[in-house]
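> For reference, the sequence and a predicted model appear below.
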Amino acid sequence: MLHRPSSAVQGRCAASKNMLAARSALASRRMAVAVRAATTTTTTVKPSVDTTGKPAPTPPTVLWGARMTSTTPLVGDTATKLMIKLVDASTDERTKAYSIDDWEPPQEIMIDGGKGWTRCGVIRVPDQLTAPSAVTVQKIDTNPADGHSLDYISEIELTSPYDGVHRIPVHSWVSSCHGERVFFEGTPYLPKDTPPQIKDEREEELKALRGQGGASSESRTYDYQVYDDLGPNRPNLGGSTALPYPRRLKSKGPGKDNLPFDEQFNYSKQAGFTGDTLAGVAVAFTKTISASSGVEAQWYNVLPIAAVEIAKKKLGVTSKAPEFKRYEDVSKLYQEPGKVTEDILSKGDADAINDVTAQKELGLIAASARGKPFALQQKEKQARSGVAGAAAAAAAAFSEKLPTASFGEIFQRAIGTLKGDAKSNVLDINELLAYKIPKVESGRAGQWASDLEFGRQTLAGMNPCMLSALKQMPEAIGSAIGPQHVDEYLKELDPKKRGLQQLITSAAAGDKPQLFMIDYWILNAFWAEHSGPKNRTEHVGRALFYLQQDSNGHDIGLLPLAIELAHRGTIDGSKGAVYSRQELCKDKREVLWRVAKAVFRSVDSGFHQLVSHWLRCHACMEPFFIAMRRNISIMHPVAKLMIPHFRYTLNINCNARSALINEN
């Protein structure tokens, strides 16, 4: 989602940030005072009774400070119903379970540029425990009939009276269906160097990720599956003798909602992932706009959101499918800096889309807030215990601010407030549709159409590694490009007046190559599956370039000489139609040359998205990531190094299988 907060929003955010920071600082001071007091205060604990009826000896305890932090907003019952235990680094003994509901009330804070929460408190820890090697965390289900409860925890901070602060990195969703989750102190260890007290916990955590760890494996298992989610009429990819691979993450069902919680977009990522958010908005946009405009929904699979509506307004047409008849028509879509234009969409239509966009940002946040807010829990707790006095009065006064409504309504209002916060930072759809002038055109009108700019974008664009030096005649690779298409223009460019054959011979003999080719003919392999949409033409192509030099022999740039294109109706085996720069410009048909370059750039973009990016990056890396999560503990130095680089990869891959390479 694109963000552009107004100055007013920024002001509110700054004021809110200062206020929340002050609250957090106050909580920290309270916790520090309590911890300092622990070193001088004698702790009295009610003695327990052993099996003989005699009082059992009570181990002495000291007070520790505790803080739990999250990068998710404070909604519903988030920041409640969490139990933690400390694991002794010396003995592997675990403390009793501490409920964070006994701590200070949760405070909203600004963290990582967004809203989060923190809770501080003090816990009584056996005095022989001097350092924790890990903590266990369990979320208690607030409403078993309504699925499970979730909380995202970023970090747990424990302040010991002996040696100060111990930070436990968590960065994970904790679900009530997980049972007890273990999170280790942040020091990395190779398997052979793991302290013996936590070796069992390390192995048990790996078993859980392999699906062998009981309740804690629920929604957390990393296992392999063939590509069986590409559409009802497509065969599975992988798993056969001829095609054993690829592999994806095995999940309970199709769609990203069945991924492990930690692999799904979190609140901040969901807010910033433009492509996914726009894809989610597209459905609502189609319902909102297409009925009134008559535009078929399939347009939104091909064009940017609302491009049809923009075109209709800018070009002043009312047809169902407006056409760009001149390149100047495309330029009309862009907005000059500082020039105010009328909104593309009406306020009602824009608000409907902005609502969906804000809802899309919530992600797992909505699912995590299933129960009663903390203040309401406190009010009920005070009523049950019959506690009177200042504490009960304060809790009652605080609870009076809550609306008198059902828990479901309270939850919906909380989500509504959160959506309002999200909308305040969401770029309005009308601003999104006001396309800014591209940098290549800013102050350089018409430069985009030059051959030198086309060559520059080839080198600086998405697939420069597809360029290969030409050391054999194009016909050797099945191309229709020949000397008749380029020799005249080549002899104008080359200081030695060499043609195609001479330049290829020189490169093959070891001289610096000056001819380069990009070949995307392999894309015709995808045509066999179906005939393709009626309103779309899919091309394959090749392009031949010359490396131009100045009089001193310094490289100037790549210049396109000829472009070979074909689609279903024109392809002839390995050959297509050749668009020669020398022929088209000589016959004053430069517009065809521009069209050929535009079509080839589209092919280049498609190859990048499907092959360079999806196949060679995302699809190839997914099984390696699964293997790492199954076999390398989070305590391992390699895991600590690599996991941030794989963040959200599985969510993006799932999106790609459902929208990019899926059937139709």
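Thanks, I have the structure now.
> So, low pLDDT: which residues of the stretch 401-550 of the chain?
Under the criterion pLDDT under 70, the flagged ranges of the stretch 401-550 of the chain are 401-435, 529-535.
> how about the helices in it?
Assigned helices in the stretch 401-550 of the chain, in chain order: 407-425, 429-432, 451-460, 483-493, 500-508 (criterion: DSSP state H, counting those that start in this stretch).
> average model confidence for stretch 247-259?
Mean per-residue pLDDT for stretch 247-259: 80.
> do the same with stretch 603-618
The average pLDDT within stretch 603-618 is 92.
> Residues touching it, excluding its own?
Here stretch 603-618 makes contact (C-beta atoms under 8 Å, 6 or more residues apart in numbering) with 458, 461-463, 465-466, 518, 520, 523, 539-541, 565, 649, 652-653, 656, 660-661. Any C-beta I mention is one placed from the backbone N, CA and C, and that applies to glycine too.
> Kindly report the same for stretch 82-93.
Residues contacting stretch 82-93 (C-beta under 8 Å, 6+ apart): 66, 68, 94-101, 123, 125, 128-140, 151, 153, 156, 158, 174, 180, 182, 185, 195, 197-198, 200-201.
> Now do the buried residues in that stretch.
Neighbour-count burial for stretch 82-93, counted by 16 or more other C-beta atoms under 10 Å, picks out 82, 83, 84, 85, 86, 87, 88, 89, 92.
> first to last residue in stretch 477-490, what's the distance?
Stretch 477-490 has an end-to-end distance of 21 Å (criterion: C-alpha to C-alpha, to the nearest Å).
> cool, stretch 496-503 as well?
End-to-end distance for stretch 496-503, by C-alpha to C-alpha: 10 Å.
> Now it: buried residues?
For stretch 496-503, a neighbour-count test (16+ other C-beta under 10 Å) marks 498, 500, 502, 503 as buried.
> who are the neighbours of the helix or strand residue 182 falls within, in terms of helices and strands?
Taking DSSP states H and E as the definition, residue 182 sits inside strand 181-184. Packing contacts for strand 181-184, counted by 3 or more C-beta pairs under 8 Å, 6 or more residues apart in numbering; DSSP states H and E, involve strand 132-139, strand 164-175, helix 199-209.
> switch to 7 Å and redo it
Strand 181-184 is packed against strand 132-139, strand 164-175, with contacts defined by 3 or more C-beta pairs under 7 Å, 6 or more residues apart in numbering; DSSP states H and E.
> Pipe these into JSON lines and attach mean neighbour count, distance to residue 640 and mean pLDDT per row.
Supplementary listing: the helices and strands packed on strand 181-184 in JSON lines, determined by neighbours: other C-beta atoms under 10 Å; distance: least, C-beta to C-beta, whole Å; pLDDT from 0 to 100:
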{"stretch": "strand 132-139", "mean neighbour count": "22", "distance to residue 640": "15", "mean pLDDT": "94"}
{"stretch": "strand 164-175", "mean neighbour count": "18", "distance to residue 640": "9", "mean pLDDT": "92"}
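> do you know which of these lies nearest residue 73?
Evaluated with C-beta to C-beta, the helices and strands packed on strand 181-184 place strand 164-175 nearest to residue 73, the distance being 14.3 Å.
> List the strands paired with the closest one, with their directions.
strand 150-160 (antiparallel) (DSSP bridges).
> tell me the average confidence for the partner strand?
Mean per-residue pLDDT for strand 150-160: 93.
> can you check stretch 108-115 too?
Averaging pLDDT along stretch 108-115 yields 82.
> In PyMOL, select just the buried ones from the contacts of stretch 82-93.
Provided next is the PyMOL selection string for whichever of those are buried by 16+ other C-beta under 10 Å:
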select buried, resi 66+68+94+95+98+100+101+123+125+129+132+133+134+135+136+137+138+139+151+153+156+158+174+180+182+185+195+197+198+201
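> Filter the buried residues of stretch 82-93 down to the ones in strands?
Judged by DSSP state E, these include 82, 83, 84, 85, 86, 87, 88 as members of strands.
> any idea how far the fourth one is from residue 174?
Separation of residue 85 from residue 174 (C-beta to C-beta, to the nearest Å): 13 Å.
> Check the third one too.
The span separating residue 84 from residue 174 equals 10 Å under the rule C-beta to C-beta.
> Find residues that contact each of these two.
residue 137 (C-beta atoms under 7 Å, 6 or more residues apart in numbering).
> thinking again about what came up before, in CSV: the ones in strands among the buried residues of stretch 82-93, plus pLDDT and distance to residue 634.
Shown next, in CSV, are these (pLDDT from 0 to 100; distance: C-beta to C-beta, whole Å):
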residue, pLDDT, distance to residue 634
82, 94, 20
83, 96, 21
84, 96, 18
85, 96, 18
86, 95, 18
87, 93, 15
88, 92, 20
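> which of these lies closest to residue 117?
Checking these against residue 117 by C-beta to C-beta gives residue 82 as the nearest, at 11.6 Å.
> partner residues bridging that closest one?
The partner residues for residue 82, given DSSP bridges, come to residue 139.
> Could you do residue 334 as well?
Listed by DSSP bridges, the beta-bridge partners for residue 334 are residue 435.
> Neighbours of it, how many?
Counted with other C-beta atoms under 10 Å, the neighbours of residue 334 add up to 14.
> Am I right that it is in contact with residue 437?
Yes - contact criterion C-beta atoms under 7 Å: residue 334 and residue 437 qualify, at 4.7 Å.
> what sits in contact with each of these two?
Common neighbours of residue 334 and residue 437, using C-beta under 7 Å, 6+ apart, do not exist here.
> Please identify the helix or strand for residue 635.
Assigned by DSSP H and E, residue 635 belongs to no helix or strand.
> Would you mind measuring from it to residue 132?
Using C-beta to C-beta, residue 635 is found at 14 Å from residue 132.
> Residue 621 now?
Remark: distance between residue 621 and residue 132 (C-beta to C-beta) = 34 Å.
> From the contacts of stretch 603-618, which land in strands?
Per DSSP E, the contacts of stretch 603-618 map to strands at 518, 540, 541, 565.
> I'd assumed residue 125 was in contact with residue 95.
Yes - using C-beta under 7 Å, residue 95 is in contact with residue 125, at 6.1 Å.
> if I pick the nearest residue to residue 602 once chain neighbours are set aside, what's in contact with it?
Nearest residue to residue 602 in three dimensions, chain neighbours excluded: residue 539, at 7.2 Å (C-beta to C-beta, 6 or more residues apart in numbering). Applying C-beta under 7 Å, 6+ apart, we find residue 539 in contact with 565, 566, 567, 599, 603.
> picking that back up, determine which two of the buried residues of stretch 496-503 are furthest apart.
Across the buried residues of stretch 496-503, no pair lies farther apart than 498 and 500, at 8.4 Å, counting by C-beta to C-beta.
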